[in-house]
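A.B. asks: next come a sequence and a model predicted from it.
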Amino acid sequence: MNRNELRRNILRLLGEDGRLTAKDISDRIDVPVKDVQAEIRKLETENVIIGYRAVFDDSELPESAVKAIIEVKIRPEREGGFDKIARRLSKFSQVSALYLMSGGNFDLQLEIKGESLNDVAQFVASRLATIDGVLSTSTHFLLKKYKESGKLMQEEEDHERLKITP
Amino acid sequence: MNGSRSRHNNKKENTENSFVAPHIAVLPKSGIRDFFELVNSMDDVISLGIGEPDFVTPWNIRESAIYSLESGKTHYTSNLGLLSLRKAICGYMTSDYDLDYDPQHECIVTVGVSEALDLAIRAITSPGDEVIYHEPCYVSYSPEIRMAHGVPVAVNTYEKNDFALDPADLEKAVTPRTKAILLNFPCNPTGATLSYEQTEKIARIAVRHNLVVLADHIYTELTYGEKTPSIATFPGMKERTIFLHGFSKAFAMTGFRLGYACGPAELIDAMMKIHQYSMLCAPIMAQEAALEALRSGRKDMLAMKAEYRDRRNVIVKRLNEMGLKCFLPEGAFYVFPNITSSGLSSKDFAVKLLMEKKVAVVPGTAFGACGEGFIRCSYATSMEGIKEAMDKMEEFLRDLKKKK
């Protein structure tokens, strides 16, 4: 297995289950543990693997009780285009994700977590909208999460299979 | 074969007074049936005995079956199957197998590859014709041949060859009455594959003796190394090969019961007659789902294959570590470890393992007498299930040693 394949395989497996150990991965792809360990470390230092976290149904967590997607129209700057404002916005702890989007009537899409409607509204009104270069915002509150990062919040029912088949 | 003959003798009086046709009365029941009953009577069994994908059919495929019902597609289709599906199948044959077939005359859609195989055998077999197949093999080959009044001729495959069919052994089995060779690689139950050279040699034998080849490709997508070209691509072979395939294994669609055959127009036409008078056509919802599988199922198929390959590596490593010798199979989702070091027969091993550790595997003998000394473990079950089963099997072997 060449290095590219090894990297792809590690990312495929950790992308599915971040708790797999180097030994688990080694057994699955038939590559020595040491090589797997070394490559994971490289992926981490190169910032390809940025972090590990659980995917969970966070509806009961008070600090993220309210989530919203905010579409933001901005004025790109002569130097740095959209990046400068985008980076600035991404530093707010309330912003959990931020993307530059194509098409539509807006440029940036932000995902915001807050403790209450008021909390989110406050953030939009007092922090976001007042930033120089932000032309308009449009806020959509999320009502229910069905799927995140490829994981269904509610698993499909188990299907009965025959226990022995030829 | 011997087993079934002695059963016939034991029951001779019965069969003579029975309404059941003698050639059906002598058929052995599938070797795993008793074992199945035993497993079914127990709770919390981890089963490595399942010959179908554990994945549920990818959603886009299920959704297209639902949509076909919603839009009122509830009628018969053409006997050969939906033309759109046959076109997609033939396109797939070109892109993936380098074989060009005419969707109008050289392709038939069937109820699973099982029906395709049955049609093919019935279309070519006259009473007394010999059909050669390799053992250990899928349980229905020999009975299918018998039901068509043919004579099944088994050629053994061996552990020393990683259960590939030795062309020399095959040629020794050819007689003036041989009509066809039935091949299934990657193989259920062994996971064996054929190399390019072996396939080429078998092709030459088929041409030399003017034999039909029935190529059961049901596991070919699940080939983990380099895929060996189909025997139909070798010189002089396309006109004598019936290419048998289906959606069950590659696309996790066993319950849809959808397969197909591609081959020379004359043979497909003969198969169509049997199909027309017996099955009529495959269910339209399943055909619509299959069309979706071919149009956009590749990504899911490759993801499932990647998962199978990971599991194969894990299970082969564990089995060898616990002393059950097992080669790294290049296809299907089975491993076929040698269990003779346990001192038990295949059947005793499987029954004891089930009773003592609640792990189900299939005795190798279910797939032919030469499967004695082996068990079939399917890795079409979750990684956690495999690991737990391996832990318990290791305990089982340790317990056995202690008793000695």
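C.D. replies: Now that the structure is in, tell me what you want to look at.
A.B. asks: closest to the centroid, which residue in chain A?
C.D. replies: Nearest to the geometric centre of chain A sits A:Ala97, at 6.4 Å (C-alpha atoms, centre = their mean).
A.B. asks: torsion angles phi and psi at it?
C.D. replies: A:Ala97 has phi and psi values of phi -150, psi 150 when expressed as degrees, to the nearest 10.
A.B. asks: wait, it touches A:Leu108, no?
C.D. replies: No. Using C-beta atoms under 8 Å, A:Ala97 makes no contact with A:Leu108, being 10.6 Å away. C-betas here are computed from N, CA, C, even on glycine.
A.B. asks: where's stretch A:27-34 relative to the chain centroid, distance-wise?
C.D. replies: The chain centre lies 28 Å from the centre of stretch A:27-34; the measure is C-alpha atoms, centre = their mean, to the nearest Å.
A.B. asks: buried stuff in that stretch?
C.D. replies: A:27-29, A:31 (16 or more other C-beta atoms under 10 Å in any protein chain shown).
A.B. asks: same check on stretch B:200-212?
C.D. replies: For stretch B:200-212, the neighbour count (16+ other C-beta under 10 Å) marks B:200-207, B:211-212 as buried.
A.B. asks: sorry, back to before: can you narrow the buried residues of stretch A:27-34 down to the ones near chain B?
C.D. replies: Restricting the buried residues of stretch A:27-34 to those near chain B by C-beta under 8 Å from any C-beta of the partner chain leaves A:27-29.
A.B. asks: circling back to that earlier point, now the residue nearest to the centre of chain A: closest residue in space that isn't a chain neighbour?
C.D. replies: When the adjacent residues along the chain are set aside, A:Ala97 lies closest to A:Glu111, with 4.0 Å between them (C-beta to C-beta, 6 or more residues apart in numbering or on different chains).
A.B. asks: mind listing residues that contact the helix or strand where the one you found lies?
C.D. replies: Taking DSSP states H and E as the criterion, A:Glu111 maps to strand A:108-114. Under the contact criterion C-beta atoms under 8 Å, 6 or more residues apart in numbering or on different chains, strand A:108-114 has outside partners A:63-72, A:74, A:82, A:85-86, A:89, A:94-101, A:120, A:123-124, A:128.
A.B. asks: buried ones among those?
C.D. replies: Neighbour-count burial (16+ other C-beta under 10 Å) is assigned, among the contacts of strand A:108-114, to A:65-68, A:70-72, A:74, A:82, A:85-86, A:89, A:94-95, A:98, A:120, A:123-124, A:128.
A.B. asks: so of these, which ones are in helices?
C.D. replies: Among these, the members found in helices (DSSP state H) are A:85-86, A:89, A:120.
A.B. asks: between those, which is nearest chain B?
C.D. replies: Within these, proximity to chain B (C-beta to the nearest C-beta) peaks at A:Ala86, which comes in at 30.9 Å.
A.B. asks: and the closest one, what pLDDT?
C.D. replies: What the model reports for A:Ala86 is a pLDDT of 93.
A.B. asks: got the domain ranges for chain A?
C.D. replies: A:3-45, A:59-144 (automatic domain parsing).
A.B. asks: tell me how far B:Ala21 lies from A:Leu11.
C.D. replies: 59 Å (C-beta to C-beta, to the nearest Å).
A.B. asks: next one: B:Tyr133
C.D. replies: Per C-beta to C-beta, B:Tyr133 is found 43 Å from A:Leu11.
A.B. asks: of the buried residues of stretch A:27-34, closest to chain B?
C.D. replies: A:Arg28 (3.7 Å).
A.B. asks: need phi/psi at the residue lying closest to the closest one once chain neighbours are set aside.
C.D. replies: Distance criterion C-beta to C-beta, 6+ apart; nearest residue to A:Arg28, sequence neighbours excluded, is B:Asp310 at 3.7 Å. Per-residue torsions, B:Asp310: phi -60, psi -50 (degrees, to the nearest 10).
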